[in-house]
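Asks: When you get a sec, could you give me coordinates for this:
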Amino acid sequence: MIDIRQKLEEIGEFIPGPDDGLLVCRCEEVTKGEIRRAVHEGIFTIEEMRRYLRNGMGLCQGQTCSRLVKSIMAAELKEAPGYVEPASARAPMRPIEMEILGKDLGGKHE
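Replies: Here you go, the predicted structure:
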């Protein structure tokens, strides 16, 4: 388990960068600077970052931004990308009519 206070001391204060306006997650409009700042506020896992900034929660479900977010977080934490704990994967869900569900379960409804 990470000692958050110790890690925050190790990485130091947030210093804005010239490319902080770079759009990383197009679906949720999250910038590089927002990700970097969140790390300095104590967000150290992809799951926490998704909940905090909503990156990876849009239409593509992180297919276009997740690697970049992970590499930005790792660089800010001064660690290898493998250090950043990944988000748990979930299958996309869609509503289904009860009639269809009943047929799939072998029910005979007329």
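Asks: Kindly provide the distance from the most centrally placed residue in the chain to residue 42.
Replies: For the chain, residue 50 is the residue whose C-alpha lies nearest the centre (CA atoms, centre = their mean; 3.4 Å). Separation of residue 50 from residue 42 (CB to CB, to the nearest Å): 15 Å. Every C-beta, even on glycine, is put in place using the N, C-alpha and C of the backbone.
Asks: on that earlier part again, looks to me like the residue nearest to the centre of the chain is in a helix.
Replies: Yes - applying DSSP: H, G, I helix; E, B strand; the rest coil, one finds residue 50 inside a helix.
Asks: ranges for the helices of the chain?
Replies: 4-11, 32-40, 46-53, 66-77, 98-104 (DSSP state H).
Asks: Show me the one of those that comes nearest residue 21.
Replies: helix 32-40 (6.4 Å; CB to CB).
Asks: Quick check: buried residues in the closest one?
Replies: 32, 33, 34, 35, 36, 37, 38, 39 (16 or more other CB atoms under 10 Å).
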